[in-house]
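Student: predicted model, plus sequence, below.
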Amino acid sequence: MRYALIAAALLAATSAFADDDDAPEFGLAGILSASNSEDLPPITLSAGQPLADAPLKLKSGTYYEIEIEADGSQELALEGAGFFRAIWIDEIVIEGLEIRPLGIDSVEFDEAGTMEIGFVAIKPGRYELRVPQSSGDLQRLDITIE
């Protein structure tokens, strides 16, 4: 009897959600569906240059892809353990090689190259990515997850 009541409650809850016009409409891939993804402007690693033109504002539950481009002018890294723990990383692609890590703290470019990171924003808050041991605002990217 108890299982029948639980099943009826779940059925009522899911049918009420299915009729909700505000409910997100994803494809068979769920939150990884193309309708739930967005490309972000690239991050540029270059000696003395800003990382990005503006701060990033992300929405929790949305899939994003971002390219990190290094021009090779200097060996540069990008750290942001707080941000990397607030997202779920689907994959990192470097020269056609796909990496599916459990998590990362930082990335580093010893020479020119491009890396693409696909991720789902999860935990709302304010975060930053920065060049390690730098103090200037140009070497920091502020990120907000709503």
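Tutor: Structure's in. What do you need?

Student: in what helix or strand does the residue nearest the centre of the chain lie?
Tutor: Taking Cα atoms, centre = their mean, the centroid of the chain lies closest to residue 119, which sits 3.8 Å from it. Using DSSP states H and E, residue 119 sits in strand 113-121.

Student: contacts for stretch 89-105 next, please.
Tutor: Outside stretch 89-105, the residues that touch it by Cβ atoms under 8 Å, 6 or more residues apart in numbering are 32, 63, 79-81, 84-85, 107, 113-120. (Glycine included, C-beta is placed from N, CA and C.)

Student: of those, select the buried ones using a ChimeraX command.
Tutor: Listed next is the ChimeraX selection for buried residues among the contacts of stretch 89-105, using 16 or more other Cβ atoms under 10 Å:
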select :63,79,80,84,107,115,116,117,118,119,120
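
Student: quick check, nearest of the contacts of stretch 89-105 to residue 54?
Tutor: residue 80 (16.8 Å; Cβ to Cβ).

Student: now that closest one: closest residue in space, sequence neighbours ignored.
Tutor: Using Cβ to Cβ, 6 or more residues apart in numbering and skipping the chain neighbours, the partner closest in space to residue 80 is residue 129 (3.9 Å).

Student: what comes up buried for the host helix or strand of the one you found?
Tutor: Using DSSP H and E, residue 129 maps to strand 125-130. Residues 127, 129-130 are the ones in strand 125-130 that count as buried (16+ other Cβ under 10 Å).

Student: as a markdown table, those with pLDDT and distance to residue 36 would be great.
Tutor: A markdown table is the format used below for these (pLDDT from 0 to 100; distance: Cβ to Cβ, whole Å):
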| residue | pLDDT | distance to residue 36 |
| --- | --- | --- |
| 127 | 98 | 21 |
| 129 | 96 | 23 |
| 130 | 94 | 28 |
